[in-house]
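Kindly return the folded structure for what I paste below:
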Amino acid sequence: MTRNRTYILRSHGYLFLLILFSFSLSAQKYITGTIQDETTGEPLISANIFFVNKNNRMLTGTTANANGEYRLLVPGGDNLTLVFSFIGYKTKNLPYTGQPALNVSLEYESRLLEDATV
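Numbers count the residues shown, from 1 in each chain. Here you go, the predicted model:
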């Protein structure tokens, strides 16, 4: 009788852990959106998007696809900032306020070389 009771308790324990684990997986949040050129509206392919915390430490990141779209896992924590960057464009830092989607346009940053040494 005690073996059956132990077996039942153990099997219910595993079932409880399985349910708990599945809830924790479904609780993950993502932010999605697009990143594009401010002037032309063209997508910025392979632009960098990442989260930083209040200590300016990078937590998670991704790159935009061929359509300028991104999907990024939201890390746990408070005071998160989303950073959007692309070579030749001004980096944009935006506070994360829990929004599920965020579309961003980056401004082109013109820099000319004054002297070239050969």
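
quick one, strands of the protein?
For the chain, applying DSSP state E gives strands covering 30-37, 48-52, 58-63, 69-73, 81-85, 92-95, 104-106.

Ok, which of these comes nearest residue 118?
strand 81-85 (30.4 Å; Cβ to Cβ). All C-beta atoms are positioned from the backbone trio N, CA, C, and that covers glycine.

Now do the closest one and strand 58-63, the angle between them.
Orientation of strand 81-85 against strand 58-63 (axes from the mean of the first three to the mean of the last three Cα atoms, to 10 degrees) gives an angle of 40 degrees.

what does strand 81-85 contact?
Under the contact criterion Cβ atoms under 8 Å, 6 or more residues apart in numbering, strand 81-85 has outside partners 31, 35, 47-53, 91-96, 102, 104, 106.

Would you mark the buried spots in it?
Across strand 81-85, burial judged by 16 or more other Cβ atoms under 10 Å covers 82-85.

Okay, angle between it and strand 69-73 too, please.
Calculated by the same axes, to 10 degrees, strand 81-85 forms an angle of 150 degrees with strand 69-73.

Dump strand 81-85 to CSV, restricted to CA.
Taking Å, rounded to 0.1, in the frame of the first residue of the first chain, the C-alpha atoms of strand 81-85 are listed here in CSV:
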residue,chain,number,x,y,z
THR,A,81,16.6,50.7,-22.2
LEU,A,82,16.3,49.6,-25.9
VAL,A,83,19.3,50.6,-28.0
PHE,A,84,19.0,50.8,-31.8
SER,A,85,22.2,51.2,-33.9
